[in-house]
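Trainee: got a structure for you, letters missing:
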């Protein structure tokens with residue numbers, strides 16, 4: 001929401017005559033997102049506390065928001081790190 005609010009604020013600053021429109025559109029977006037989040041929370045509720053493995057630490061915010069427990073990470077090519085560190089050291 002911070003990004004959307006920042007965009008609305010900046011647009012209002014750039015076009016003060018349309019600031020009411022930007023504020024209205026932001027409010028509508030915020031309401032739609034809150035409604036969607038309530039639905040997502042309800043859908044994810046059965047999975048709260050479930051242990052999951054994610055791809056390369058790519059889901060921490062998602063996991064925290066929905067109460068999932070990240071217990072491990074999958075690296076696509078673990079050997080690549082060793083090769084890269086050898087080549088550039």
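Mentor: Noted; the coordinates are in hand. It should be emphasised that the depicted structure is a prediction, and the values quoted were computed from it without experimental measurement.
Trainee: could I get the full set of helices for the chain?
Mentor: Assigned by DSSP state H, the chain shows helices spanning 2-14, 19-44, 60-65, 78-87.
Trainee: now the longest one, how far from the chain's geometric center?
Mentor: Read that as helix 19-44. 15 Å (Cα atoms, centre = their mean, to the nearest Å).
Trainee: between that helix and helix 2-14, how many degrees?
Mentor: 170 degrees (axes from the mean of the first three to the mean of the last three Cα atoms, to 10 degrees).
Trainee: same question for helix 19-44: list its buried residues.
Mentor: Within helix 19-44, the residues that count as buried by 16 or more other Cβ atoms under 10 Å are 22, 26. C-betas here are computed from N, CA, C, even on glycine.
Trainee: picking that back up, now for the helices of the chain, which one comes closest to residue 72?
Mentor: helix 60-65 (11.8 Å; Cβ to Cβ).
Trainee: and the closest one, what does it pack onto?
Mentor: strand 51-55, strand 69-74 (3 or more Cβ pairs under 8 Å, 6 or more residues apart in numbering; DSSP states H and E).
Trainee: give me the domain ranges for this structure.
Mentor: The chain breaks down by automatic domain parsing into domains covering 1-45, 48-89.
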